[in-house]
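>>> below is the sequence, then the predicted model.
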Amino acid sequence: YDDLVVPLKKSCPQAMNAPNSAGVTPEDLLKWMKHTETAENMSRPTEQDSEKEWLEKLFGECEDEFCETFGVYDG
């Protein structure tokens with residue numbers, strides 16, 4: 001971005017509105033990328049929450065199994 005878009009905006013801001021053969025402008029592409037990144041960022045907390053939940057369940061099961069196995073020797 002810093003190597004291509006920023007110098008292009010500084011030297012020729014009109015280029016950001018020049019459509020290609022498909023009618024898509026660089027500005028359209030940047031807006032699309034920004035929208036895509038925002039959607040990805042919003043979906044990540046759910047993935048992290050589900051992974052955290054899975055790890056908590058796994059830890060709980062390991063703890064239960066440990067207590068069942070070694071609890072016999074407690075006294």
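Okay, I see it.
>>> let me see the mean pLDDT of the longest helix seen in the chain.
Looking across the chain with DSSP state H, the single longest helix is helix 26-70. Averaging pLDDT along helix 26-70 gives 78.
>>> same for that helix, what does it pack against?
helix 5-11 (3 or more C-beta pairs under 8 Å, 6 or more residues apart in numbering; DSSP states H and E). From N, CA and C alone the C-beta is placed, and that goes for glycine too.
>>> which other helices and strands contact the helix it packs on?
With contacts defined as 3+ C-beta pairs under 8 Å, 6+ apart, helix 5-11 has these neighbours: helix 26-70.
>>> please tell me how far the longest helix of the chain is from the chain's geometric centre.
Relative to the centre of its chain, helix 26-70 is centred 10 Å away, using C-alpha atoms, centre = their mean, to the nearest Å.
>>> and the pLDDT at residue 18?
As predicted, residue 18 sits at a pLDDT of 90.
>>> look up the closest residue to residue 30, ignoring the ones flanking it.
residue 5 (7.0 Å; C-beta to C-beta, 6 or more residues apart in numbering).
>>> what about the one you found, how many residues nearby?
The number of residues packed near residue 5 is 15, by other C-beta atoms under 10 Å.
>>> what secondary structure does residue 22 sit in?
coil (DSSP: H, G, I helix; E, B strand; the rest coil).
>>> compute the number of surrounding residues for it.
6.
>>> try residue 3
What residue 3 shows, counting by other C-beta under 10 Å, is a neighbour count of 7.
>>> for it, pull up the helix or strand it's in.
Counting by DSSP states H and E, no helix or strand carries residue 3.
>>> from residue 10, how far out is it?
Taking C-beta to C-beta, to the nearest Å as the measure, residue 3 falls 12 Å from residue 10.
>>> mind listing what the closest residue to residue 19 other than its chain neighbours touches?
In space, and not counting its chain neighbours, residue 19 is closest to residue 25: 5.1 Å by C-beta to C-beta, 6+ apart. The neighbourhood of residue 25, defined by C-beta atoms under 8 Å, 6 or more residues apart in numbering, consists of 16-19.
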